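Engineer: Structure for the following, please:
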Amino acid sequence: MIASTRARLNVCAALAAFPIVPLAVRLAQLQVLEHGRLAAMATGEVRRSEVEVVPRGRILDRNGNVLAESIPASSAFLDPAAARGRERDLPKLAAALRADPAELRRKARGNGRFVWLKRKLEPQEVDAIKELDLPFVGLVPDERRVYPNAELATSLLGAVGIDGKGLSGLELTHDRDLVGRVHKIPVLRDGAGNRMPLAARQTIEAPPDLVLTVDRGLQHYAEAALEEAIAKFQPQWAAAVVQDPISGELLALASLPVDAEKNRIFQQVYEPGSTFKTVTVAGALEERLASPSEAIDCSGPWELASGVFVKDHDPLGVLPLDMALARSSNVGMAKLGLKLGPERFHRYARAFGFGARTALRFPGESAGILKQKPAKDRVSLGNNAFGQGLAVTPLQLVASYSAIANGGRLVEPRLVRGVGRGLDFPVEPQPVRRVASAKTIAALGRMLELVVEKGTGLSAAVPGYSVAGKTGTSQKIDPATRRYSTTDYIASFAGYVPAREPRFTILVVIDSPKHQYYGAEVAAPVFAKIARQALALYGVPPDKPLPVRVVKK
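Structural biologist: From the prediction side, this is the model:
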């Protein structure tokens, strides 16, 4: 009886212990064999990475005014898997995002767990998304690039893409300096959604400010002056550049119409016409082939080569060289160019910076069009001498006039004062070469003053200030005939002020103006307006007596 009872107890114990075996095996499997996988799954349920966006660096003008900056924003995404069965919520979501409902439905039917709904949301859109509180819609930190001065200097600043990368202009040139950063912070999150950082929050250094040489106020004045000219003459485009001739700093670069993908000051080439005559005269004076008072026969039409004639807008006859420049004689300059010869002419054109890019590294900057070797034929040399048959950028031309203004040194144009260096960082001129002797440049400067006092540049005069400069009226090539047009021109004026102690070199270029086309009529008045505003803005005192007008009672 006892044995029977013990046997029954043993059987019961065995039956009771039998389930322990598979449980133990399963426990061993979970605890040992699958420990790593299960631990990772458990950690994944509570451990998350939060994204912290360090915004893209700012772009400032020379006085610390903000031209471009990035502000915190949010971007919305959708989980298509979680959105299934919630189609009734999509119209409300489309209204909150001001999105196309059909496009939203297409995204909701997609595969995967992530698709962008809308990037760089406006604050009101973020509020609307949060109010809907849809489980299949999420928000992630982002940044939005803003330009506080609307379209001011857009062609210079450029544009930034949806992912925060520079696409054009200075945003592209200095993308490596300005680019923002995304920092991931590991956190633990409980079932209630509370978060606890797993590591101490690190201070992430923001990208440095990019401080430009540009003056926001002067940029505004230059663009406003061009807008008035555009309204009056309806040109294809217009540009104005203001440079400090001593330091090479670019103070204003206006390029209209506004285009974030194109800046004509760096990228547009055009035939400079009479504004290029300074190169011919400088070469002739330096080589002692002529003097300002030497007579030159400007009678025309003058046969440059068989069947090729050069003429002036008016018959000029015999003039001293300074007046030939002041009256902008093509005949006189063509004769002077032939006297200078192809090699020397080409050497001086190169010395003034034509045919080469600057050191600015601006995207798409052109080197202009100047033959690598001197043009040997009379027609090319004669035309080049008065600014035909070659092409320049506005940047090259303003730099060449700065070389005259500062006494004969070509200096590299400067557009950036510093990256993260503050506003008071000194900017040293970067001389490239001497273009001609100080004596030659002084004589040329006096001749350019005469242009404004007695020649074609009368409308560039600024009361109370000495002004030196040159008008330009260049014919454009007619694409239909492939010859110079008799109705389509580029009007320009280049000069500096005050002529005796220059502070500003200014170039105005207006392409295909209507109604009027001479540089004296179209561009020179714009030069004078920008010059007056620049002189007033910087408090430059007059260097000439103001004209006195007697009023009879």
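Engineer: dump the residue contacts of the residue positioned nearest the centre of the chain.
Structural biologist: Nearest residue to the geometric centre of the chain (C-alpha atoms, centre = their mean): Leu156, 2.1 Å. Neighbour list for Leu156: 169-170, 214, 253, 255, 263 [criterion: C-beta atoms under 8 Å, 6 or more residues apart in numbering]. Where you see a C-beta, it was placed from the backbone N, CA and C, and this is true even at glycine.
Engineer: Could you look up the SS state of it?
Structural biologist: What DSSP: H, G, I helix; E, B strand; the rest coil gives for Leu156 is helix.
Engineer: Nearest residue to it in space, please, no chain neighbours.
Structural biologist: Leu253 (5.2 Å; C-beta to C-beta, 6 or more residues apart in numbering).
Engineer: what are the bridge partners for the one you found, then?
Structural biologist: Per DSSP bridges, the residues bridged to Leu253 are Val241.
Engineer: what about it, neighbour count?
Structural biologist: 29 (other C-beta atoms under 10 Å).
Engineer: how about it, what does it touch?
Structural biologist: Counting by C-beta under 8 Å, 6+ apart, Leu253 makes contact with 153, 155-156, 214, 219, 222, 239-242, 263, 265, 415.
Engineer: Quick one: the residues you listed as JSON lines, columns for pLDDT too.
Structural biologist: Formatted as JSON lines, the contacts of Leu253 follow (pLDDT from 0 to 100):
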{"residue": "Ala153", "pLDDT": "96"}
{"residue": "Ser155", "pLDDT": "96"}
{"residue": "Leu156", "pLDDT": "97"}
{"residue": "Val214", "pLDDT": "97"}
{"residue": "Gln219", "pLDDT": "98"}
{"residue": "Ala222", "pLDDT": "98"}
{"residue": "Ala239", "pLDDT": "98"}
{"residue": "Ala240", "pLDDT": "98"}
{"residue": "Val241", "pLDDT": "98"}
{"residue": "Val242", "pLDDT": "98"}
{"residue": "Asn263", "pLDDT": "95"}
{"residue": "Ile265", "pLDDT": "97"}
{"residue": "Leu415", "pLDDT": "96"}
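Engineer: Take the residues you listed and write them to CSV, including distance to Asp478.
Structural biologist: Formatted as CSV, those follow (distance: C-beta to C-beta, whole Å):
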residue, distance to Asp478
Ala153, 34
Ser155, 27
Leu156, 32
Val214, 37
Gln219, 35
Ala222, 31
Ala239, 22
Ala240, 26
Val241, 28
Val242, 32
Asn263, 26
Ile265, 25
Leu415, 35
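Engineer: end-to-end on stretch 421-439?
Structural biologist: 39 Å (C-alpha to C-alpha, to the nearest Å).
Engineer: Give me the contacts around that stretch.
Structural biologist: If you take C-beta under 8 Å, 6+ apart as the criterion, stretch 421-439 is touched by 60, 62-64, 211, 213, 246-249, 282-283, 285-286, 348, 351-353, 359, 400, 403-404, 407-412, 414, 417-418, 441, 444.
Engineer: now those: which count as buried?
Structural biologist: Buried residues within these, counting neighbours by 16 or more other C-beta atoms under 10 Å: 60, 62, 211, 213, 246-249, 282-283, 285-286, 348, 351-353, 400, 403-404, 407-411, 414, 417-418, 441, 444.
Engineer: which secondary structure element contains Arg549?
Structural biologist: Following DSSP states H and E, one finds Arg549 outside all helices and strands.
Engineer: And it, how far from Arg288?
Structural biologist: Going from Arg549 to Arg288 by C-beta to C-beta, to the nearest Å gives 44 Å.
Engineer: Same check on Leu507?
Structural biologist: As judged by C-beta to C-beta, Leu507 and Arg288 stand 29 Å apart.
Engineer: And the two? Which one has more around it.
Structural biologist: Leu507 (31 against 8).
Engineer: three-state assignment of the more buried one?
Structural biologist: Classification of Leu507 using three-state DSSP returns strand.
Engineer: And the pLDDT at it?
Structural biologist: You'll see Leu507 listed with a pLDDT of 98.
Engineer: That one is in contact with Phe493, isn't it?
Structural biologist: Yes. Counting by C-beta atoms under 8 Å, Leu507 does reach Phe493; the two are 7.4 Å apart.
Engineer: Quickly list what's touching both of the two.
Structural biologist: Shared contacts of Leu507 and Phe493, counting by C-beta under 8 Å, 6+ apart, come down to 275, 527.
Engineer: List the buried residues in whichever strand in the chain runs longest.
Structural biologist: Ranked by residue count, the top strand of the chain under DSSP state E comes out as strand 483-497. The neighbour-count check on strand 483-497 (16+ other C-beta under 10 Å) flags 484, 488-497 as buried.
Engineer: and the end-to-end length of stretch 540-547?
Structural biologist: OK, stretch 540-547 end separation, C-alpha to C-alpha: 18 Å.
Engineer: OK, contacts around Pro394?
Structural biologist: 239, 241, 264-265, 268, 507, 509.
Engineer: Please, where are all the helices along the stretch 401-550 of the chain?
Structural biologist: Along the stretch 401-550 of the chain, counting by DSSP state H, counting those that start in this stretch, helices occupy 438-454, 519-522, 524-537.
Engineer: what about His69, neighbour count?
Structural biologist: Not quite, residue 69 is Glu, not His. Neighbours of Glu69 under the rule other C-beta under 10 Å: 18.
Engineer: Show me what it bridges to in the sheet.
Structural biologist: Beta-bridge partners, per DSSP bridges, of Glu69: Val146.
Engineer: ok, now the one 5 residues further on?
Structural biologist: The residues listed as beta-bridge partners of Ser74 by DSSP bridges are Pro141.
Engineer: number of nearby residues for it?
Structural biologist: 22.
Engineer: same question, Ala356
Structural biologist: Ala356 has 12 neighbouring residues, counting by other C-beta under 10 Å.
Engineer: could I get the helices of the stretch 401-550 of the chain as JSON lines with mean pLDDT and distance to Lys470?
Structural biologist: What follows is the helices of the stretch 401-550 of the chain, written out as JSON lines (pLDDT from 0 to 100; distance: least, C-beta to C-beta, whole Å):
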{"stretch": "helix 438-454", "mean pLDDT": "97", "distance to Lys470": "6"}
{"stretch": "helix 519-522", "mean pLDDT": "96", "distance to Lys470": "8"}
{"stretch": "helix 524-537", "mean pLDDT": "98", "distance to Lys470": "10"}
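Engineer: which residues touch Glu521?
Structural biologist: Counting by C-beta under 8 Å, 6+ apart, the residues that Glu521 touches are 459, 491.
Engineer: same thing with Arg109?
Structural biologist: For Arg109, the contacting residues are Pro80, by C-beta under 8 Å, 6+ apart.
Engineer: what about it, distance to Arg421?
Structural biologist: Per C-beta to C-beta, Arg109 is found 53 Å from Arg421.
Engineer: Lys454 reaches Leu325, doesn't it?
Structural biologist: No. Proximity of Lys454 to Leu325 does not meet the contact threshold set by C-beta under 8 Å, at 10.9 Å.
Engineer: the more surrounded of those two?
Structural biologist: Shown here are Lys454 and Leu325; by other C-beta under 10 Å, Leu325 has more neighbours (28 against 13).
Engineer: Now that one: phi and psi?
Structural biologist: phi -70, psi -40 (degrees, to the nearest 10).
Engineer: what's around the closest residue to it other than its chain neighbours, how many residues?
Structural biologist: Nearest non-adjacent residue to Leu325, counting by C-beta to C-beta, 6+ apart: Met447, 5.2 Å away. Look at Met447: counted by other C-beta under 10 Å, it has 25 neighbours.
Engineer: go on, Val379?
Structural biologist: 17.
Engineer: Mind listing what's buried along the helix or strand Arg350 falls within?
Structural biologist: Secondary structure from DSSP H and E places Arg350 in helix 342-351. For helix 342-351, the neighbour count (16+ other C-beta under 10 Å) marks 342, 344-346, 348-351 as buried.
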